[in-house]
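J.: make a model of this:
(chains A and B)
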Amino acid sequence: MTLDPYNAFLHRDEQDGDWRVGVKDVIDVVGMPTTAASKILDRVPERDAECVARLRAAGAAIVGKLNTHEFAFGALTNSPHFGPARNPWDLERTTGGSSGGSGAAVAAGLVDLALGTDTAGSVRIPAAFCGVTGHRPTAGLVPTEGVVPTAWSLDAVGTLARTADECRTAVEVMSGRSLEPNGPVRRVGIVARLFEEAVPAVAAACEEACRALPGSPEVVELPLHDEIATITQLVMLPEAAAAHLGWLRTCLADYGPDVRARLLAGLLLPSTAYITGLRARRWVRSRWERELGDFDLLVAPAMPIVAPRLDAIPSDYRLLIMPYNSPAALLGLPVTVVPCGFVDGLPVALALVGPRFADATVLSAAHAFQTRTDWHERRPL
Amino acid sequence: METESSPLQSLREAAAAQGVHPTDEDLEGVRDFLDRILPALAEIEERLPSESPP
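T.: As a prediction, the model looks like this:
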C-alpha cells in the first residue's frame, strides 16, 4: 500500500484498479464507514450514494474515504478528531477544505479521481491549494442522495483530478448527461477586483495565465460584490443548523469548537435572516443575469493566497476567501479551478465560472487552457 | 435594568427554546458573530427591493 503521510484517507481498502476513486467522507460508500471526520456520525451504509453507484457502474474502483473538515463545514480540513490533512507540496501547510483529503490524494497520486462536496468553496479551495483541477458542477446537476448535507440549497458534489477532461468524464457519468459545449467561448469577463484583492504575487501569476484564455477578455464588476458573502452566510448557516438540529440537542459538546460555533450562529440568527437571505439571493441572481448574462466565462484567481502553514492560519482566513467562493455557491454556478502557476513553490489557480448548466463550456475552456499550459502536470516532490 | 449578561441570557433562552443548551463560552462566540453580521443584515434588508420574494 502507498504511504499516506498526508492524512488524506480516513478509511482505505487495498483494492486497486484502472480508475482509482477516493470519496470524501461525507458521501456514502457501501461497507465503508461514513464519519464526516466527526465524533458524532459513524454509520456503515448499506448502499452507495447515487453518485458513487454511477461511478462504480462505469468501472471506478472505490479505494477509500477521504479526510474532510468536520461535517464539511469549514475551509481547512483540520478535524479535531482525525487530525489535519497535509498538503503534498509542503506537509506543514493546509490543503484547504473542506475536501482537503480529496485534494491531497489527487496531488500525491494516491487516486486518479476524488469526489468532494462544495457548499461554499470546498472543492475549489483544496484544488487551488493542492495544485489539481477541481470542478464544482451546477447545483442539482449531480445527485446528492447519500451525501451528508451541509446546506441543502448550496451543496454540490464535485470532482478533483489532474485534468479538466478527467473531471468532465466523471461529471458526465454522475449526472448522466453529455457535456459537449454548444459553441466557442465568445465573451470572457475578468473580475478585476478579485485580482486586486489577491496578494500581489498570486495576482501576477493569475494575470499572466489569463494570456492562455480564449478571446479578448473584458474587465467586469460583480453585482453586489460587497454583499454576496454575507448573503451566502444568511442562507448557509440556518440551513446547516437545521440539518444538525437533532445532534445539536443531543451531542453539542462532541463538535469541534469552530463547527459548533458556526452551527450555533445559524441556530440563533433571527428567524427573518434566512428569509432575507433567500430574497437577497434572488436579487443577486436578477442583477447577475442582467449585467453578466452575456458572458460565457468569468475569470478570477481561485484563491487570493497560497496555502498557509497549519500553524499560522491567518485570523481573517475565512473573510479573505469568502469573496472568491461565495458568488458561485450562492447562485449555484459551475466553476472549474485550474492550476496556473506557482508562488514560493506553492500552487496558484484560476477559477473559470460559467452560467448555470454551462458546465460543458467551463470544462471545455479549462481543457483548452490545459492544452496550452502544463501547470496541471507538475507534481510535488 | 439592563445587565451585562442579558444578551447572553436572551441567546441562552432562544437556544433552550429549541432544545439546545450551549455553554456561556459558546454563547459569547455567537454574540461576537451576531455583532458582526447583524449590521450587514440590516443594511441588506434596507436595500433589498420590496418586490423580491424568497
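J.: around chain B, pick out the residues from the stretch 201-350 of chain A.
T.: A:227, A:230-231, A:233-234, A:245, A:248-249, A:252, A:260-261, A:264-265, A:267-270, A:273, A:275-276, A:278-280, A:282-283, A:286 (C-beta under 8 Å from any C-beta of the partner chain). All C-beta atoms are positioned from the backbone trio N, CA, C, and that covers glycine.
J.: please convert the buried members of the residues you listed into ChimeraX selection syntax.
T.: Entered in ChimeraX, the line below selects the buried ones among these, by 16 or more other C-beta atoms under 10 Å in any protein chain shown:
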select /A:227,230,231,233,234,245,248,252,260,261,264,265,267,268,269,273,276,278,279,280,283
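J.: which parts of the stretch 201-350 of chain A are helices?
T.: Counting by DSSP state H, counting those that start in this stretch, the stretch 201-350 of chain A has helices at residues A:228-243, A:245-250, A:257-268, A:271-292, A:317-331.
J.: export those as CSV, with columns for mean pLDDT.
T.: As requested, these are exported to CSV (pLDDT from 0 to 100):
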stretch, mean pLDDT
helix A:228-243, 98
helix A:245-250, 98
helix A:257-268, 97
helix A:271-292, 96
helix A:317-331, 97
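J.: and the helix or strand in which B:Asp26 is found, what's its mean pLDDT?
T.: For B:Asp26, the host element (DSSP states H and E) is helix B:24-47. Average pLDDT, helix B:24-47: 95.
J.: who in chain B is up against chain A?
T.: Residues of chain B found near chain A (C-beta under 8 Å from any C-beta) are B:11, B:14-15, B:18-22, B:26-27, B:29-30, B:33-34, B:37-38, B:40-41, B:43-45, B:47-49, B:52-54.
J.: write the ChimeraX selection for whichever of those residues are buried.
T.: To isolate the buried members of the residues of chain B next to chain A in ChimeraX, using 16+ other C-beta under 10 Å:
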select /B:11,14,15,20,22,26,27,29,30,33,34,37,40,41,44,48
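J.: before we move on, the earlier item: I'd like to know which of the helices of the stretch 201-350 of chain A is closest to A:Ala105.
T.: Closest to A:Ala105 of those, according to C-beta to C-beta: helix A:317-331, at 21.2 Å.
J.: tilt between the closest one and helix A:228-243?
T.: 80 degrees (axes from the mean of the first three to the mean of the last three C-alpha atoms, to 10 degrees).
J.: helix A:317-331 packs against which elements?
T.: Under the contact criterion of 3 or more C-beta pairs under 8 Å, 6 or more residues apart in numbering or on different chains; DSSP states H and E, helix A:317-331 touches helix A:124-130, helix A:228-243, helix A:271-292, strand A:346-353.
J.: looking at the ones you listed, which is closest to A:Ile313?
T.: Closest to A:Ile313 of the helices and strands packed on helix A:317-331, according to C-beta to C-beta: helix A:124-130, at 12.0 Å.
J.: can you dump the C-alpha atoms of that closest one in CSV for me?
T.: Written as CSV, here are the backbone C-alpha positions of helix A:124-130 (Å, rounded to 0.1, in the frame of the first residue of the first chain):
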residue,chain,number,x,y,z
ARG,A,124,-12.3,24.8,-5.2
ILE,A,125,-10.2,25.7,-2.2
PRO,A,126,-8.3,22.4,-1.9
ALA,A,127,-8.0,22.1,-5.7
ALA,A,128,-6.2,25.5,-5.7
PHE,A,129,-4.0,24.9,-2.7
CYS,A,130,-3.0,21.4,-3.8
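J.: check which element follows it along the chain.
T.: Downstream of helix A:124-130, the first helix or strand assigned by DSSP H and E is strand A:133-136.
J.: same for that next one, what does it pack against?
T.: Using 3+ C-beta pairs under 8 Å, 6+ apart: strand A:133-136 touches helix A:124-130, strand A:157-161, helix A:164-175, strand A:335-343, helix A:359-372.
J.: tell me which of these sits most buried.
T.: Highest mean neighbour count of the helices and strands packed on strand A:133-136: helix A:124-130, a mean of 35 (counted as mean count of other C-beta atoms under 10 Å in any protein chain shown).
J.: what's next to it, contact-wise?
T.: Outside helix A:124-130, the residues within contact range by C-beta atoms under 8 Å, 6 or more residues apart in numbering or on different chains are A:75, A:77, A:87-89, A:93-100, A:102-104, A:106-107, A:116, A:118, A:133-134, A:136, A:160, A:302-303, A:306-307, A:321, A:324-325, A:335, A:337, A:339, A:346-349, A:351.
J.: so what's the gap between stretch A:356-375 and the chain middle?
T.: Relative to its chain's centre, stretch A:356-375 lies at 16 Å (C-alpha atoms, centre = their mean, to the nearest Å).
J.: kindly report the same for stretch A:253-264.
T.: Here stretch A:253-264 is found 21 Å from its chain centre; the criterion is C-alpha atoms, centre = their mean.
J.: now do stretch A:342-351
T.: Its chain's average C-alpha position is 16 Å from that of stretch A:342-351, according to C-alpha atoms, centre = their mean.
J.: show me what counts as buried in it.
T.: For stretch A:342-351, the neighbour count (16+ other C-beta under 10 Å) marks A:342-343, A:346-351 as buried.
J.: what of stretch A:47-61?
T.: Neighbour counts using 16+ other C-beta under 10 Å place A:48-56, A:60-61 of stretch A:47-61 among the buried residues.
J.: need the contact list for A:Asp112.
T.: Contact analysis of A:Asp112 by C-beta under 8 Å, 6+ apart lists A:19-21, A:106, A:161-162, A:166.
J.: by neighbours, which of those wins?
T.: With neighbours defined as other C-beta atoms under 10 Å in any protein chain shown, the most crowded of the contacts of A:Asp112 is A:Val106; it has 31 neighbours.
J.: for stretch B:21-31, C-alpha coordinates in CSV please.
T.: Extracted in CSV, the C-alpha atoms of stretch B:21-31 (Å, rounded to 0.1, in the frame of the first residue of the first chain):
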residue,chain,number,x,y,z
HIS,B,21,-28.0,24.0,25.7
PRO,B,22,-24.7,25.8,24.8
THR,B,23,-22.1,26.9,27.3
ASP,B,24,-21.5,30.6,28.1
GLU,B,25,-18.3,30.4,26.1
ASP,B,26,-20.3,29.1,23.1
LEU,B,27,-22.7,31.9,23.5
GLU,B,28,-20.1,34.5,23.7
GLY,B,29,-18.8,33.3,20.4
VAL,B,30,-22.3,33.6,18.9
ARG,B,31,-22.7,37.1,20.3
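J.: ok, residues contacting it?
T.: Residues from elsewhere that reach stretch B:21-31 (C-beta under 8 Å, 6+ apart): A:252, A:260-261, A:264-265, A:268, B:7-8, B:11-12, B:15.
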